[in-house]
Every structure is written in C-alpha cells, then in structure tokens.
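Undergrad: here's a sequence, model it:
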Amino acid sequence: MELDFERCYRAVDSRDQRFDGWFYTGVTSTGIYCRPSCPAVTPKRRNVRFYPSAAAAQGAGFRACRRCRPDTAPGSPEWDVRADVVGRAMRLIADGVVDRDGVPGLASRLGYTERHLHRMLTTELGAGPLALARAQRAQTARTLIETTDLGLAEIAFAAGFGSVRQFNETIREVYAVPPSALRTAPGRTPATVGAGTITLRLAYRPPLHVPALLDFLTCRALPGIESVGDGTYRRGLRLPHGPAEVALTPSPGHVTATLRLADVRDLAPAVARCRRLFDLDADPVAVDAVLGADPALATLVAAEPGVRLPRAADGFELAVRAVVGQQVSVAGARTTLGHLLPPAPVSYTQL
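TA: Model prediction:
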C-alpha cells in the first residue's frame, strides 16, 4: 500500500478523523504509534513514520498510544469491498480464522500457499497474516481486560493466545504495560449485566444517518431473529463457538454494542460481523462527495448525508435473502423467510 508522506502528514497535522484506520503514525521520538486524529501535539516531520496497519507499526517496534487508542479506530473501508486475495484475507482474519485454524487454514480457504499469502499481505500491509492476527488478539485481550472480570489466564486463551506467557509478552510489547496495569487503569468499567455479556463502543467515521439505517433493517427484520425498537437493533448471531445475542444502539461518534456470548472466544468475530452489518468502516464523506457530484443526486445527498449500505452478519443468510428477495417484494420476502426459521429461534429479548 503506497502512503504519500505529504498527504498523510497533512491529515495528522489537521487531526482529520476521516483517515483513522487508513494508516497509522509512528513517532520515533516517543516510540508510540497513533491514529491520524490523535489530539497530542503534532510530531516533527523528521520523527514521523507512516504504516498501513497497526501490525506493521508494532513490527517496527512502536507501542500503541494510550491517549488516542489506535486499535479502536474504524477499519479501512477497502476490506469491505475488495474482492482480491488481500481483501478476502483481511475479512477472514477479522473473523478469527487464523486463531481457529492457523495460517495454514487461512491459506487453504484462499487457495494459496502460506508463503505466497505472506508475501502478498506483507507487500500491501507491511505485516504477514500471523502479525495481523496477533494485533487483533491484543485488541481483543485489552477489551476483555477492561470490560470483564474474567481472570487474566482465561482472557489469554479467549483472545486466541497459545499460552499465558505469549499473552503477557504481547500485551507488554503492544501497550508497554503488563495486563494487570490495564485492569487497574482509570476509567475501567466492567460490565455488570451478567456473565458472558460485554458492552463496548464501535467507532465509525461520521456522519451516520441513523434513521435510514434503522428503517432499512426494520423493513427486513425477521420476527424471532431480529427486531428494531427504541433506537436499538437486536438480533441473534451464529458464531464459530456457539450462539450469541447482540444489541446495537447508534450514538454520536460510536455505536454501543452489548454482546451476550456463549463463548468469549467469539468476541472478535462478533465485533467484525456487527461492524460489517452496520457498515461502520465506510467513509461517508468520500461516498457523499462522489454521489453529490451527480446533478440528479446532489440535492438528495446534501439533505441526507451519511447514508450507509447495511450488510449482513452471515454470508449464507445474505445469499438466501438475495435469492428470495429477487422473486417477491420486501414484505413478501420477509414472510417467506419467516417460514424457513427454526421452531426455537435465538432469544434476544432480554438485551
């Protein structure tokens, strides 16, 4: 991935939130890496290095900034739309394939050798599949440390680490503190709503047209599986290690996600699917600029900025919805799909 120094530096100097997740800024004078919108004093040009991924910055020896928390930035919108090998690999890594099946399993899913896959990802993102998965494990571990009362050993294996030692070393390397220090950090608010329930914030690039998003999902909600009410979207999920329930509530600057998981190892896949469902990695400013250039759409785009393209939490579900929806109306498709539901659907009503 080519990163133009001048363009990246201007984004950092202006603290432009639109570039969060597109690249990361390493500061040699402090040894930390940040998101472009970090509120800290803009570093001098000679002390700045730019990286296409958090894993690349970590591989270069930088630790995550504890002020702007670059690991919580929205992801690159490229990974939701690219159909090439790198795009597919990034979606699978986010879904936890490397944690479950290792790099050989990822390479097999993509139809390439491990060596060639590593070369392609390193060329594009500055890090191989194992390093990219490791960066995601560190983020998952930090989330579990800060939002649950699970033991650190339990968190280590839940986040996908092979051993407690590996977990401790990675957290120290990425955050420059031991795991116990993250647990005692100011502002930590563990969830108290029940075992296996995690509440976290999913960042997005503003603006977000909440009414359009929820109206779209309301029209297509399948009774017993999903619902929309009081500004919150709720649904059941089928994840690699068991069923889950999620409630997503859009708020200014973030979407509050309340996840009830049968197995905490499913946290990363659940977050990835929720982000994809709400299209939270999109760049709405860029989308509106392109659509607004069309005279036929300019007025509508100006009146309704930030409209997203809602996706699906499950690929098979999306395929079935698409096939059925091509034959009948939206209301008819909803009725037809309702007949395909299992007799005892997942209950989400308590979230």
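
Undergrad: neighbours of residue 59, how many?
TA: As a burial measure, residue 59 scores 18 neighbours (other Cβ atoms under 10 Å). In short, each C-beta sits where N, CA and C put it, glycine included.

Undergrad: could you do residue 213 as well?
TA: 23.

Undergrad: hmm, residue 258 is touching residue 199, no?
TA: Yes - taking contacts as Cβ atoms under 8 Å, residue 258 lies within contact range of residue 199: 4.9 Å.

Undergrad: can you pull out the low-pLDDT segments for the protein?
TA: For the chain, applying pLDDT under 70 flags the ranges 1, 185-196, 343-351.

Undergrad: in it, which residue is closest to the centre?
TA: The centroid of the chain falls nearest to residue 272 when counting by Cα atoms, centre = their mean (4.5 Å).

Undergrad: that residue: which element?
TA: helix 267-278 (DSSP states H and E).

Undergrad: off-centre distance for that helix?
TA: 6 Å (Cα atoms, centre = their mean, to the nearest Å).

Undergrad: can I get that helix in CSV? Just the C-alpha atoms.
TA: Coordinates of each C-alpha in helix 267-278 appear next as CSV, following Å, rounded to 0.1, in the frame of the first residue of the first chain:
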residue,chain,number,x,y,z
LEU,A,267,-15.7,-11.7,20.7
ALA,A,268,-13.5,-10.7,17.7
PRO,A,269,-15.8,-12.5,15.1
ALA,A,270,-18.9,-10.9,16.7
VAL,A,271,-17.4,-7.4,16.6
ALA,A,272,-16.3,-7.9,12.9
ARG,A,273,-19.8,-9.0,11.9
CYS,A,274,-21.5,-6.2,13.8
ARG,A,275,-19.3,-3.6,12.1
ARG,A,276,-20.0,-5.2,8.7
LEU,A,277,-23.7,-5.3,9.4
PHE,A,278,-23.9,-1.5,10.2
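
Undergrad: what segments of the stretch 101-250 of the chain are helices?
TA: Assigned by DSSP state H, counting those that start in this stretch, the helices in the stretch 101-250 of the chain fall at 114-125, 129-147, 152-158, 164-175, 179-183, 210-220.

Undergrad: ranking the ones you listed by burial, who's on top?
TA: Among these, helix 129-147 has the highest mean neighbour count (mean count of other Cβ atoms under 10 Å), at a mean of 22.

Undergrad: adjacent strands (with direction) for the longest strand along the chain?
TA: Longest strand of the chain, by residue count under DSSP state E: strand 242-251. Here strand 242-251 is paired, per DSSP bridges, with strand 232-239 (antiparallel), strand 254-261 (antiparallel).

Undergrad: apart from its neighbours in sequence, what residue is nearest residue 182?
TA: The shortest distance from residue 182 to any residue other than its chain neighbours is 4.7 Å, reached at residue 145 (Cβ to Cβ, 6 or more residues apart in numbering).
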